[in-house]
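Q: Got a predicted model here, sequence first, then my questions.
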Amino acid sequence: MSVQAISWVFECSESESGYRLVMLAIANHTDARGENAWPAIATIAREARLSDRQVQRALPRLVRLGELEVVYRSGRHLTNQYRLPKMAQSSLFAQPVEKTVEKRLRKRGVTICHP
């Protein structure tokens with residue numbers, strides 16, 4: 001789950017209504033950069049409280065808007081890969097929060113220790 005991706009959808013996405021719910025469901029499965037999401041259509045539908053068919057209709061529209069990239073994989077039991085391309089371009093969400101916090105702490109003279 002990526003809080004950064006979900007925040008990006010709330011703050012920057014131009015999607016509305018059911019399309020926004022689909023974006024939020026996908027963002028819930030991405031990494032901090034808005035990439036590497038692999039949820040099944042049924043999973044997106046369940047989380048967005050939509051039908052499978054509504055999700056299938058929403059995906060091409062979100063791709064046309066530039067909000068979403070989909071790598072379609074053919075075959076039974078294979079899920080598509082999803083990516084939020086505009087998130088990577090957004091300066092607000094370009095760096096994961098951890099890196100931003102580390103930079104701020106280093107400026108104050110704090111040494112970051114990792115286990």
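A: Received the coordinates, thanks.

Q: unless I'm mixing things up, A5 is touching G34, no?
A: Yes - with the criterion set as CB atoms under 8 Å, A5 and G34 qualify as a contacting pair; they are 4.8 Å apart. For glycine as for every other residue, the C-beta is placed from the backbone atoms N, C-alpha and C.

Q: ranges for the strands of the protein?
A: With DSSP state E as the definition, the chain shows strands at residue ranges 69-71, 81-83.

Q: among the ones you listed, which is the most enclosed?
A: Between the strands of the chain, the one whose residues have the most neighbours on average, counting mean count of other CB atoms under 10 Å, is strand 81-83 (a mean of 20).

Q: Show me what that strand is in contact with.
A: If you take CB atoms under 8 Å, 6 or more residues apart in numbering as the criterion, strand 81-83 is touched by 26, 29-30, 34-39, 68-71, 73.

Q: Equivalent analysis for stretch 55-62, please.
A: By CB under 8 Å, 6+ apart, the surrounding residues in contact with stretch 55-62 are 15, 18-19, 22-23, 41, 44-45, 48, 50, 68, 70.

Q: on that earlier part again, farthest pair in the contacts of strand 81-83?
A: Using CB to CB, the contacts of strand 81-83 span at most 19.1 Å, a distance reached by G34 and R73.

Q: Give the residue from those two that has the larger number of neighbours.
A: Just comparing G34 and R73: by other CB atoms under 10 Å the higher neighbour count belongs to G34, 27 against 10.

Q: how far away is T43 from H29?
A: In this structure, T43 lies at 8 Å from H29, with CB to CB, to the nearest Å as the measure.

Q: Between these two, point out the one with more neighbours.
A: The residue with more neighbours, out of T43 and H29, is H29; 19 against 16, by other CB under 10 Å.

Q: Show me what the residue nearest to the more buried one when sequence neighbours are not counted is bridged to.
A: Leaving out its chain neighbours, the residue that sits closest to H29 by CB to CB, 6 or more residues apart in numbering is A37, at 4.0 Å. Beta bridges link A37 to Y82 when assigned by DSSP bridges.

Q: That concludes my questions; thank you for your assistance.
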